[in-house]
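Asker: Quick one, fold the following:
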Amino acid sequence: MSSSPRTRPTSGTVITVSVVVLLLALAVAATALGFDPAGAAQGFVTGLYPPQAVTEQGVQIRDLYTIVFLIAVAIFFLVEGLIVWSVIRYRRKPGDDTLPAQTHGNNLAEAIWTVVPSLIVVFLFVVSWQTLNAVDTAAANPETRIRAVAGQFQWQFDYLSDDGQTTVYTQILATGEGGGLYVPAGRTVQLTLTSQDVIHAFYVPQFLFKRDVVPGRVNQFDFKVNEADAGQTFRGQCAELCGTGHRIMLFDVHAMTPADFDAWLQERIAEADATPAPPPSGGPAAGPPLELSALNVAFEQASLSAPAGAPFQIAFDNKDAAVPHNVAIHKDSATGEEVFKGDIFPGPEKRVYDVPALAAGSYTFACTVHPNMTGTLTVQ
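Answerer: Next up, the predicted model:
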């Protein structure tokens with residue numbers, strides 16, 4: 001009496017079981033270590049999307065992205081599904097010793113893969129054109145007009161009157177305390193872009209928008225920050241490689257309520273129109289002025305020395321054409337207490353700063369506009 005031969009698991013079955021066991025072991029280990037699969041999956045999906053838009057125009061751009069993304073996802077799963085189905089359906093089985101029936105041409109299939117992609121392309125063209133027209137629409141009478149002036153390697157923001165030509169206030173600082181582009185949320189802002197030297201680009205990630213700043217040409221665009229985002233600050237940057245200092249060409253965008261913005265702008269205008277206060281008196285300067293110069297967005301002198309307990313002067317030569325610099329003195333490091341701040345002015349120009357007496361110690365001198373410009377001041 002013969003017994004039926006014992007079936008052995010195929011190599012494919014062994015591999016499948018091994019993979020399942022390995023995945024379960026990894027899942028248990030990840031859970032034990034506090035790994036959150038749901039959170040990781042959500043983070044992965046979020047990473048496929050641009051940031052949340054904070055402007056009306058940005059919302060329309062994000063909606064367009066969503067449409068394109070969903071179409072791409074549908075096509076991906078359709079194609080990959082057909083590939084997997086074909087691999088399983090038409091895999092070679094035991095006993096398949098001859099070629100399957102060969103199909104040469106299929107009019108229906110060819111019509112489908114020609115017509116469907118064409119319809120998708122036409123649809124994407126239409127919705128993209130509509131979004132482009134909406135985003136590029138310029139208001140005839142915007143509520144706020146600002147001119148962004150780009151130069152190696154800083155931004156300057158000119159707040160304009162209703163005629164779009166007269167400057168009522170110039171914001172020199174692009175980042176840091178009191179610096180940046182201040183805009184009213186809920187109002188249409190028309191931003192004009194000009195360059196003093198090479199090509200730059202105005203880019204704020206949360207605006208979902210970038211526009212080049214081309215020398216010899218004036219570009220502009222409108223945007224309206226959502227009212228719900230008033231009180232927030234967004235980071236912006238130059239998005240075109242514009243030279244060795246490209247990395248420091250940053251700016252902040254501060255969204256304010258319309259009332260706060262109006263009050264802020266009036267205060268800045270009043271400060272600019274006010275007569276500057278006289279420099280602090282501290283007696284005659286001790287010795288000749290300290291020579292300090294700036295070129296290519298860097299101080300040419302890395303260290304200075306001054307006498308302790310006596311006023312002194314700094315003769316500052318800004319050699320960078322149309323680039324604003326100044327000299328500020330901080331106790332210890334550049335982030336320490338500011339004990340002196342000279343006027344900010346564009347070059348080429350020379351000015352003499354009267355510095356009050358300082359206690360003996362080590363200080364850092366820096367440019368307020370370009371914090372990367374630093375040096376050491378030794379007072380002894």
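Asker: okay, CA-based contacts and neighbour counts for the rest of this
Answerer: Noted.
Asker: Can you tell me the centre-most residue of this structure?
Answerer: Computing the C-alpha centroid of the chain and ranking residues by Cα atoms, centre = their mean puts residue 236 first, at 3.9 Å.
Asker: tell me the pLDDT at it?
Answerer: Here the pLDDT value assigned to residue 236 is 96.
Asker: So it, which state does it fall into?
Answerer: Three-state assignment for residue 236 (DSSP: H, G, I helix; E, B strand; the rest coil): strand.
Asker: and the closest residue to it other than its chain neighbours, what is it in contact with?
Answerer: Nearest residue to residue 236 in three dimensions, chain neighbours excluded: residue 204, at 4.3 Å (Cα to Cα, 6 or more residues apart in numbering). Neighbour list for residue 204: 210, 234, 235, 236, 237 [criterion: Cα atoms under 8 Å, 6 or more residues apart in numbering].
Asker: Okay, now the unreliable bits of the stretch 51-200 of the chain?
Answerer: Regions of the stretch 51-200 of the chain meeting the criterion pLDDT under 70 are absent.
Asker: quick one, strands of it?
Answerer: For the stretch 51-200 of the chain, the strands defined by DSSP state E, counting those that start in this stretch occupy 144-151, 154-160, 167-171, 181-184, 189-195, 200-204.
Asker: Please pick the buried ones from the contacts of residue 204.
Answerer: 234, 236, 237 (16 or more other Cα atoms under 10 Å).
Asker: you'd agree residue 257 is up against residue 228?
Answerer: No: contact criterion Cα atoms under 8 Å: residue 257 and residue 228 do not qualify, at 9.4 Å.
Asker: remind me which residues of the stretch 251-380 of the chain are low pLDDT?
Answerer: Using pLDDT under 70, the stretch 251-380 of the chain drops low at 275-286.
Asker: Tell me where it has helices.
Answerer: 258-273 (DSSP state H, counting those that start in this stretch).
Asker: closest one to residue 63 among the strands of the stretch 51-200 of the chain?
Answerer: Taking Cα to Cα, strand 200-204 is the member of the strands of the stretch 51-200 of the chain nearest to residue 63, at 17.6 Å.
Asker: And the contacts of the following helix or strand past that closest one?
Answerer: Using DSSP states H and E, the helix or strand that directly follows strand 200-204 along the chain is strand 209-213. With Cα under 8 Å, 6+ apart as the contact definition, strand 209-213 has outside contacts at 58, 150, 193-195, 199-204, 219, 239-240.
Asker: Go through these and give me the one with the most neighbours.
Answerer: Within those, most neighbours by other Cα atoms under 10 Å means residue 200, with 29 neighbours.
Asker: Run through the residues that contact that one.
Answerer: Neighbouring residues of residue 200 by Cα under 8 Å, 6+ apart: 150, 151, 212, 213, 214, 238, 239, 240, 241, 242.
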